[in-house]
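# Give me a 3D structure for the following:
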Amino acid sequence: MNSNLLPMSLSKFESMLKTNEVYFFDAAEFETIVEHYLNIGKQSLAKKAVQLGLEQHPSSIQLKLMKVEILIFEDKLPEAIKMLSNIEAVEPHNDEVFIQKAIILSKKKKHTEAIAILKESLQYIEDPADIWSMIGMEYLYLDDFENARLNFAKCIEVDFEDYSSLYNIVYCFDMEENHEEAIQFLNVYLDKNPYCEVAWHQLGKQYFEIGMFKEALTSFDYAVLIDDSFIGGYLEKAKTLEELKRYEEAIENYSVTLELDDPTAYAYVRMGECYEKLDNVATAINFYKKAVHEDPLLDRGWILLTNACYSQGNYQKALYYINKAIQIDESNVLYWRRYGDINLKLSFYEEAVEAFKTCLSLGDVEIEIYVALADLLLFLGEFNEALSTLIKAKKIYKEFAEIEYRLCGLFMVLGKEEYSLTHLQNALVIDFEYHTIIKELYPTVFENSRVQNLISKHKNVIE
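A predicted model of the protein is given here:
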């Protein structure tokens, strides 16, 4: 049907729906109307058009196939299968019958059977590219990346500008972690189609993946040279320049993306990190602020603001920003660690204790967390809780001087001198030099004569 007549047919069809009058359309008109509604996602109108179309043209195979398509979309598979069987009895070699049967099998997760049906259809189809693409997708569902890739490659052979198949081929190489073969494939492709910015972009990403940053940069240069509004090309080029430590140029390329489209939090964050690497922390903070203004739920932006302020000694602001990050992702142990560090700097000891306890509850059982928590509890006079923390740590870190010396100090403070000396003995054997931690944390324990005697004995043995 002439596309110029489509608006007239649509207008006439929609008028019929409003007035309940019945107008006649030929089968081709109905097909075009249904196709239009399916393309724009107006499923109910497409369904209505098919229904009316079949009332006027009950023998139209094409309209019946369109009804099958709608039934499959609505997940009414038994009804779709029954209808397909009836169509197949009339037109057993109709390519659309094969396609819809394959789609039903795919929806039922019977991908091997879907592939068999699609392969059978190839002998009856003039233009096989769509079938190859469908076969490729079915192999993807089976995680058979090699066969998927081979079918998408057939699509490329008949249509060099089938970028969907090109992306899928590269995706298959990626899933197989076969970047060298991907590079070979893309270079052959570019020999035949040298002005394809998509292929240059994909080639650059493959080089980037294996650390060949200079080659990646050249590829991205070609991509943006061919299409100077290619945002993806500029972003990847900027990332590559960062890897090459050419931060000023990276910033320039991120800036281009801001001019080409609405600003993104991602670009602002990357620019901020570049400025930070150039030791321009003030400008970095400015860009991180732009990032969180653009996307307030970007916890990465808040943590970068936190770290930048922390590095400048502005702990009050750092505390404000780390709270924002934790509100977004309260199970991130790195955020709780930083929260603990900041509260320590601000002498908010109870808050620091809660931070380190939260780290432990979230599974961050690194020795430095246990040690920091125990030292804080000691400082706050919570000797029994400090002892309990170190005993838990000792179950994981059995022969560690950091724990043994602290257990020595705490047991002595709690009046359990024999326990204290046993742990001191262990600690001195593990790491004699570290014994100064007792003087630092437990000065009165360090002055104890039995402690001094043990230290002297070990010193004599070492000497």
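# Residue 459 reaches residue 433, doesn't it?
No. Contact criterion Cβ atoms under 8 Å: residue 459 and residue 433 do not qualify, at 10.4 Å. All C-beta spots, glycine's among them, are computed from the backbone N, C-alpha and C.
# Pick out whichever of these two has more residues nearby.
residue 459 (12 against 9; other Cβ atoms under 10 Å).
# which one is that one nearest to, not counting chain neighbours?
In space, and not counting its chain neighbours, residue 459 is closest to residue 432: 7.2 Å by Cβ to Cβ, 6 or more residues apart in numbering.
# ok, that neighbour touching residue 457?
No. At 10.8 Å, residue 432 and residue 457 do not qualify as touching, with contact defined as Cβ under 8 Å.
# now residue 228, what's its secondary structure?
coil (DSSP: H, G, I helix; E, B strand; the rest coil).
# picking that back up, relative to residue 280, how far out is the residue nearest to residue 459?
Distance, residue 432 to residue 280, by Cβ to Cβ, to the nearest Å: 46 Å.
# repeat for residue 32
As judged by Cβ to Cβ, residue 32 and residue 280 stand 60 Å apart.
# per-residue pLDDT, the closest residue to residue 175 other than its chain neighbours?
Nearest residue to residue 175 in three dimensions, chain neighbours excluded: residue 145, at 4.9 Å (Cβ to Cβ, 6+ apart). With respect to pLDDT, residue 145 scores 95.
# Same check on residue 46?
Residue 46 is given a pLDDT of 72.
# next one: phi and psi at it?
Per-residue torsions, residue 46: phi -60, psi -40 (degrees, to the nearest 10).
# The chain should start at 31 in everything you say after this.
Sounds good: first residue 31 from here, last item residue 76.
# got the contact list for the closest residue to it other than its chain neighbours?
Excluding its sequence neighbours, the residue lying closest to residue 76 (Cβ to Cβ, 6+ apart) is residue 67, at 3.7 Å. If you count contacts by Cβ atoms under 8 Å, 6 or more residues apart in numbering, residue 67 has them with 73, 75, 76, 79.
# out of these, which are inside strands?
Using DSSP state E, no member of these sits in strands.
# could you flag which of those are buried?
75, 76, 79 (16 or more other Cβ atoms under 10 Å).
# how about the second one, what does it touch?
When the contact criterion is Cβ under 8 Å, 6+ apart, the partners of residue 76 are 64, 67, 68, 96, 100.
# for the stretch 381-493 of the chain, what are the low-confidence residue spans?
493 (pLDDT under 70).
# Over to residue 411. Which of the three states is it?
When classified by three-state DSSP, residue 411 comes out as coil.
# Check which residues of stretch 384-393 are buried.
In terms of neighbour count (16+ other Cβ under 10 Å), stretch 384-393 has its buried residues at 384, 385, 386, 387, 388, 389, 390.
# Run a quick check on the third one versus residue 399, I expect a contact.
Yes. Residue 386 is in contact with residue 399 according to Cβ under 8 Å; the separation is 5.5 Å.
# shared neighbours, the two?
In contact with both residue 386 and residue 399: residue 367, using Cβ under 8 Å, 6+ apart.
# which SSE is residue 97 in?
Secondary structure from DSSP states H and E places residue 97 in helix 91-103.
# So for that helix, mean pLDDT?
70.
# again with stretch 193-206
Averaging pLDDT along stretch 193-206 yields 94.
# Show me what counts as buried in that stretch.
By neighbour count on 16+ other Cβ under 10 Å, the buried set for stretch 193-206 is 195, 196, 198, 199, 200, 201, 202, 203, 204.
# what do you get for stretch 267-280?
For stretch 267-280, by 16+ other Cβ under 10 Å, it's 267, 268, 269, 270, 271, 272, 276, 277, 279, 280.
# Tell me which two of those sit farthest apart.
Maximum pairwise distance in the buried residues of stretch 267-280, criterion Cβ to Cβ, is 13.2 Å, between 267 and 277.
# Residue 257 is in contact with residue 225, correct?
No. Counting by Cβ under 8 Å, residue 225 does not reach residue 257; the two are 9.4 Å apart.
# Between the two, tell me which one has more neighbours.
The residue with more neighbours, out of residue 225 and residue 257, is residue 257; 17 against 11, by other Cβ under 10 Å.
# that older thread, can you put the buried residues of stretch 384-393 in CSV and add distance to residue 161?
Below are those laid out as CSV (distance: Cβ to Cβ, whole Å):
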residue, distance to residue 161
384, 62
385, 59
386, 60
387, 60
388, 56
389, 55
390, 57
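# Return the set of buried residues in stretch 318-333.
For stretch 318-333, by 16+ other Cβ under 10 Å, it's 318, 320, 321, 322, 324, 328, 329, 330, 331, 332, 333.
# now the residues you listed in a markdown table, with pLDDT?
Converted to a markdown table, these look like this (pLDDT from 0 to 100):
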| residue | pLDDT |
| --- | --- |
| 318 | 97 |
| 320 | 97 |
| 321 | 97 |
| 322 | 96 |
| 324 | 95 |
| 328 | 95 |
| 329 | 95 |
| 330 | 96 |
| 331 | 97 |
| 332 | 97 |
| 333 | 97 |
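# Secondary structure and distance to residue 407 for those - can I get that in JSON lines?
Below are these laid out as JSON lines (DSSP: H, G, I helix; E, B strand; the rest coil; distance: Cβ to Cβ, whole Å):
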{"residue": "318", "secondary structure": "helix", "distance to residue 407": "34"}
{"residue": "320", "secondary structure": "helix", "distance to residue 407": "41"}
{"residue": "321", "secondary structure": "helix", "distance to residue 407": "38"}
{"residue": "322", "secondary structure": "helix", "distance to residue 407": "35"}
{"residue": "324", "secondary structure": "helix", "distance to residue 407": "42"}
{"residue": "328", "secondary structure": "coil", "distance to residue 407": "35"}
{"residue": "329", "secondary structure": "helix", "distance to residue 407": "29"}
{"residue": "330", "secondary structure": "helix", "distance to residue 407": "32"}
{"residue": "331", "secondary structure": "helix", "distance to residue 407": "34"}
{"residue": "332", "secondary structure": "helix", "distance to residue 407": "29"}
{"residue": "333", "secondary structure": "helix", "distance to residue 407": "27"}
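# Put the alpha carbons of the strand or helix carrying residue 373 into PDB.
Assessed by DSSP H and E, residue 373 sits inside helix 363-375. Below are the C-alpha coordinates for helix 363-375, written out as PDB (Å, rounded to 0.1, in the frame of the first residue of the first chain):
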ATOM      1  CA  VAL A 363      32.100  -1.400  53.900                       C
ATOM      2  CA  LEU A 364      34.500   1.100  52.300                       C
ATOM      3  CA  TYR A 365      32.100   3.900  53.100                       C
ATOM      4  CA  TRP A 366      31.800   2.800  56.700                       C
ATOM      5  CA  ARG A 367      35.600   2.600  57.000                       C
ATOM      6  CA  ARG A 368      35.900   6.100  55.800                       C
ATOM      7  CA  TYR A 369      33.100   7.200  58.100                       C
ATOM      8  CA  GLY A 370      35.000   5.700  61.000                       C
ATOM      9  CA  ASP A 371      38.300   7.500  60.000                       C
ATOM     10  CA  ILE A 372      36.600  10.900  59.600                       C
ATOM     11  CA  ASN A 373      34.900  10.600  63.000                       C
ATOM     12  CA  LEU A 374      38.200   9.700  64.600                       C
ATOM     13  CA  LYS A 375      39.700  12.800  63.000                       C
END
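# No more questions from me, cheers.
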